[in-house]
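Engineer: Show me how the following folds:
(one chain, ligands or ions: 3)
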Amino acid sequence: QLTVGFYSNTCPDAESIVSGVVRNAAQSNSNISPVLLRLHFHDCFVEGCDGSILIENGPNAERHAFSHQGVGGFEVIDQAKAQLEATCPGVVSCADIVALAARDAIALANGPSYEVPTGRRDGRASDVSLAANMPDVSNSIQQLKAKFLQKGLSEKDLVLLSAAHTIGTTACFFMTDRLYNFSPAGGSDPAINPDFLPELQSVCPQNGDVNVRLPMDRGSEQTFDNHILENIRNGFAVLASDAKLYEDETTRIVVDSYFGMLTPIFGTSFEADFVESIVKMGQIGVKTGSNGEIRRVCTAFN
Ligand code: HEM
Ligand SMILES: [Ca+2]
Ligand SMILES: [Ca+2]
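Structural biologist: Numbering: from 1, shown residues only. Ligands and ions are numbered 1, 2, ... in the order given. Next up is the predicted model:
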């Protein structure tokens, strides 16, 4: 349904305008790459990749959902939209801007470059309740697999897309249960490497400031690489959901496949497979043709 270069006639500079804005934002905010990548995920998983998360129409807007806690990058999308409206008004959707910005963000973190199929239209729905079923750090591996499958994403996609945590940080808020109240036995998650546990507990002490942030890919949080998978194998996963990828047999095989431990039945390289998965994620529930609209402003319906 979507096509690479959808705007090549109607707004030939669309993609370079977005990448310029992202590059510019990165100069003043070194964290913008992970923020923009996460925004794309949270957009696609609620009502499809349709810019629904961008709408700001009061306290019940989807973006205020608990499961979207910490999501950002809205101002970068708004800036790109303003430039695009000045150049080719009414042509480029906010949903496409989000997908393109995520691609540019990955490239800025030295990740793989890829072409983004475009032609998404913007959604007309926004409500906190729509985001109730987002994947959560405390979900079981079965729940995570089911939530991805519901979006047409496989167990392999679950591993590869979780590896987006190769860049960025988490708030201690998401670590409390894993460090001090892990289900079902209480205490800390036994999957945490004993050499890593004291470090995590000192950054995120019990009853400490839950807003303190820590890298999710220890030692490589600025670089988009497969180091996160190595950390997951070694018990150095930070998020509980990432750690679970190595406890389940199917997802463990996917992780191991990137270390030459098995015949490479899963494909060529982490980077190439990640690209395949994120392009797939970018097609979830897309609106095309006469569905949806092209917003004039990304935070408001027309
Ligand atoms: C498998 C289910 C997933 C869960 C449970 C999950 C959970 C989380 C959590 C709790 C954070 C920390 C948020 C914060 O404190 O601000 C986070 C950050 C992040 N997530 Fe995920 N995530 C998942 C999948 C994904 C996917 C599919 C992507 C993208 C393809 C992604 C990209 C990111 C990025 C880049 C960050 C860093 C954000 C930053 O540095 O501000 N995540 N994720
Ligand atoms: Ca959406
Ligand atoms: Ca990394």
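Engineer: Can you name the next helix or strand after the host helix or strand of residue 15?
Structural biologist: Taking DSSP states H and E as the criterion, residue 15 maps to helix 14-28. Counting by DSSP H and E, the element after helix 14-28 in chain order, helix or strand, is helix 32-44.
Engineer: for the record, mean pLDDT for that next one?
Structural biologist: Per-residue pLDDT values over helix 32-44 give a mean of 98.
Engineer: got the residues of this structure near ligand 2?
Structural biologist: 43, 46-47, 50, 52 (Cβ under 5 Å from the ion). Every C-beta, even on glycine, is put in place using the N, C-alpha and C of the backbone.
Engineer: Format the residues you listed as JSON lines; extra columns: secondary structure.
Structural biologist: Shown next, in JSON lines, are the residues of the chain next to ligand 2 (DSSP: H, G, I helix; E, B strand; the rest coil):
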{"residue": "43", "secondary structure": "helix"}
{"residue": "46", "secondary structure": "coil"}
{"residue": "47", "secondary structure": "coil"}
{"residue": "50", "secondary structure": "coil"}
{"residue": "52", "secondary structure": "helix"}
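Engineer: so where's the chain uncertain?
Structural biologist: 261-268 (pLDDT under 70).
Engineer: how does it divide into domains?
Structural biologist: Segmentation of the chain into domains, based on automatic domain parsing, reads 3-133, 153-278.
Engineer: Please name the nearest non-neighbouring residue to residue 213.
Structural biologist: Once flanking residues are discounted, residue 213 sits nearest to residue 169: 4.2 Å by Cβ to Cβ, 6 or more residues apart in numbering.
Engineer: so what's that neighbour up against?
Structural biologist: 31, 34, 213-216, 221 (Cβ atoms under 8 Å, 6 or more residues apart in numbering).
Engineer: beta partners of it?
Structural biologist: residue 215 (DSSP bridges).
Engineer: got a list of what the residue in the stretch 101-250 of the chain that ligand 2 sits nearest to touches?
Structural biologist: Of all residues in the stretch 101-250 of the chain, residue 123 sits closest to ligand 2, at 6.0 Å by Cβ to the ion. By Cβ under 8 Å, 6+ apart, the residues touching residue 123 are 47-48, 50-52, 95, 287, 292.
Engineer: Please repeat the previous calculation with a cut-off of 6 Å.
Structural biologist: 47, 50, 52, 292 (Cβ atoms under 6 Å, 6 or more residues apart in numbering).
Engineer: Please apply the same query to residue 48.
Structural biologist: 284-286.
Engineer: And it, how far from residue 150?
Structural biologist: 12 Å (Cβ to Cβ, to the nearest Å).
Engineer: next one: residue 13
Structural biologist: 37 Å.
Engineer: likewise residue 284?
Structural biologist: 10 Å.
Engineer: So those two - more neighbours on which side?
Structural biologist: Between residue 284 and residue 150, counting by other Cβ atoms under 10 Å, residue 284 is the more crowded of the two (19 against 11).
Engineer: thinking that one is in contact with residue 45, fair?
Structural biologist: No. Residue 284 is beyond contact range of residue 45, at 7.1 Å (criterion: Cβ atoms under 6 Å).
Engineer: Overlap in contacts, the two.
Structural biologist: With Cβ under 6 Å, 6+ apart, residue 284 and residue 45 have no common neighbours.
Engineer: Next SSE downstream of the host helix or strand of residue 102?
Structural biologist: Element membership of residue 102, judged by DSSP H and E, is helix 94-108. Later in the chain than helix 94-108, the nearest helix or strand by DSSP H and E is strand 117-118.
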